[in-house]
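**Student:** Mind looking at a prediction? Sequence and model below.
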Amino acid sequence: MNPKRGRSVKLNDGHFMPVLGLGTAASEGVPKSKATEAIKVAIDVGFRHIDAAYLYENEEEVGKAIREKVADGTVKREDIFYTTKLWSTFFRPELVQQALERSLKKLQLDYVDLFLIHLPMAMKPGEELLPKDASGKVILETVDLCDTWEALEKCKDAGLTKSIGVSNFNRKLLEMILNKPGLKYKPVCNQVECHPYLNQSKLLEFCKSKDIVLVAYSALGTQRDPKWVDKDSPVVLEDPTLNAIAKKHNRSAGQVALRYQVQRGVVVLAKSFNEKRIKENFQVFDFELTPEDMKAIDGLNKNYRYFKLAFAADHPYYPFSEEY
Ligand code: NAP
């Protein structure tokens with residue numbers, strides 16, 4: 001049996017995705033080499049799913065860690081599930097494969113396991129990650145997401161990625177792809193913000209009904225990077241209910257927040273570049289929350305979104321104006 005399948009979910013295209021993944025986005029100022037160290041520790045601890053993106057500007061360091069762990073015999077390449085994402089400046093169909101090839105070149109890998117549309121909103125192509133006009137406004141553009149999707153399908157056919165999916169899509173946008181005439185491959189997943197304060201129960205139900213996996217990012221309540229997140233936002237891991245449940249199980253609030261997602265059928269990401277917390281976050285398969293615990297955590301939902309992406313609120317594909 002493929003070891004990747006143990007704690008994995010079968011995707012709608014037949015591939016397997018480990019239900020717990022390591023996030024690799026780091027705030028500005030964190031030395032890039034930290035990513036290499038953290039990913040090597042994570043692989044040693046047992047993480048087999050690594051979530052990355054062109055946007056995070058550390059794919060060289062992440063790729064180095066994976067290649068070193070393959071070279072020292074800890075894992076084989078096929079044991080690792082590696083996700084990268086298509087950044088918004090590459091949505092024009094003719095740019096999509098080039099964008100993936102750029103990531104692969106940085107990684108020095110032959111393929112990725114999953115390639116996601118990072119956000120529904122396209123931006124002006126070019127080298128800048130956030131192209132801005134003279135007044136400092138991000139320059140958005142409208143690219144038909146169905147055309148971008150077809151270009152992702154071609155990347156899968158070319159063998160550059162095993163699976164394809166989306167991120168930050170609402171129900172309407174998912175339906176747009178699912179109903180696209182001539183659809184060749186369905187998205188295998190929708191990666192969205194999801195934690196006890198934004199539990200995405202309706203989107204989760206919809207995704208399950210379409211055999212699309214919901215992948216939770218910021219499941220621990222984000223890194224609170226002031227570039228993206230309001231400094232006055234509530235702190236998930238300080239929640240009294242979550243902490244009371246953690247105490248009862250002799251676990252940390254972080255472990256409870258991760259276990260909550262695993263138990264409701266959500267694939268969950270946890271970012272840590274700290275050895276102690278990387279180990280802690282992997283210890284979520286040896287305890288179980290009771291139905292009452294799950295209900296109490298469900299009750300914490302307040303539809304609080306950390307990543308509002310307000311700079312793109314007037315884009316026709318802006319996903320967060322709808323209920324879900
Ligand atoms: P997160 O996983 O919610 O939380 C990370 C923060 O919690 C870090 O500051 C980490 O610091 C700390 N932490 C980790 N484990 C902990 C524990 N057991 N107890 C207490 N604190 C703990 O962060 P995130 O980066 O927002 O989300 C995770 C990943 O999702 C990202 O890295 C990225 O891969 C992905 N993501 C995707 C999108 C998207 O648009 N698709 C958006 C955001 C994030 P230390 O490193 O110091 O441990």
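**Tutor:** Noted; the coordinates are in hand.
**Student:** only C-alpha atoms for contact and neighbour calcs from this point on.
**Tutor:** Noted.
**Student:** How many residues are close by Y217?
**Tutor:** 24 (other Cα atoms under 10 Å).
**Student:** which non-adjacent residue is nearest it?
**Tutor:** Of all residues not flanking Y217 in the chain, E193 sits nearest, at 4.7 Å (Cα to Cα, 6 or more residues apart in numbering).
**Student:** what about the one you found, how many residues close to it?
**Tutor:** Neighbours of E193 using other Cα under 10 Å come to 23.
**Student:** likewise L203?
**Tutor:** Around L203 there are 18 residues (other Cα under 10 Å).
**Student:** circling back to that earlier point, pLDDT wise, what is the residue nearest to Y217 at?
**Tutor:** For E193, the pLDDT comes out at 98.
**Student:** V236 too?
**Tutor:** 98.
**Student:** List the contacts of it.
**Tutor:** For V236, the contacting residues are 195-197, 220-221, by Cα atoms under 8 Å, 6 or more residues apart in numbering.
**Student:** follow-up on the earlier one: got the contact list for the residue nearest to Y217?
**Tutor:** Neighbours of E193 in contact, by Cα under 8 Å, 6+ apart: 168, 216-219, 305, 307.
**Student:** Would you mind listing the two of those residues that lie farthest apart?
**Tutor:** The most widely separated members of the contacts of E193 are N168 and A219, with 14.3 Å between them, by Cα to Cα.
**Student:** So between the two, which is more surrounded?
**Tutor:** A219 (26 against 21).
**Student:** these two touch, right, that one and V192?
**Tutor:** No - using Cα atoms under 8 Å, A219 is not in contact with V192, being 9.7 Å away.
**Student:** hmm, stretch 8-27 in reach of the ligand?
**Tutor:** Yes - where contact is defined by Cα under 6 Å from any ligand atom, part of stretch 8-27 touches the ligand, namely 23-25.
**Student:** brain fart, stretch 166-177
**Tutor:** Yes - contact of stretch 166-177 with the ligand (Cα under 6 Å from any ligand atom) involves S167.
**Student:** Span of that stretch from start to end?
**Tutor:** 10 Å (Cα to Cα, to the nearest Å).
**Student:** Buried residues of that stretch, list them for me.
**Tutor:** 166-171, 173-174, 177 (16 or more other Cα atoms under 10 Å).
**Student:** Show the average pLDDT along it.
**Tutor:** Stretch 166-177 comes out at a mean pLDDT of 98.
**Student:** mind checking the SS state of Q191?
**Tutor:** Classification of Q191 using DSSP: H, G, I helix; E, B strand; the rest coil returns strand.
**Student:** Dump the top helix by length along the chain to CSV, restricted to CA.
**Tutor:** Secondary structure assigned by DSSP state H gives helix 93-107 as the longest helix of the chain. Extracted in CSV, the C-alpha atoms of helix 93-107 (Å, rounded to 0.1, in the frame of the first residue of the first chain):
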residue,chain,number,x,y,z
PRO,A,93,-4.4,31.2,-20.8
GLU,A,94,-1.2,31.6,-22.8
LEU,A,95,0.7,32.4,-19.5
VAL,A,96,-0.6,29.5,-17.4
GLN,A,97,1.8,26.7,-18.4
GLN,A,98,4.8,29.1,-18.3
ALA,A,99,3.8,30.1,-14.8
LEU,A,100,3.8,26.4,-13.7
GLU,A,101,7.1,25.8,-15.4
ARG,A,102,8.6,28.8,-13.5
SER,A,103,7.5,27.1,-10.2
LEU,A,104,9.0,23.8,-11.4
LYS,A,105,12.2,25.4,-12.3
LYS,A,106,12.5,27.0,-8.9
LEU,A,107,11.6,23.8,-7.2
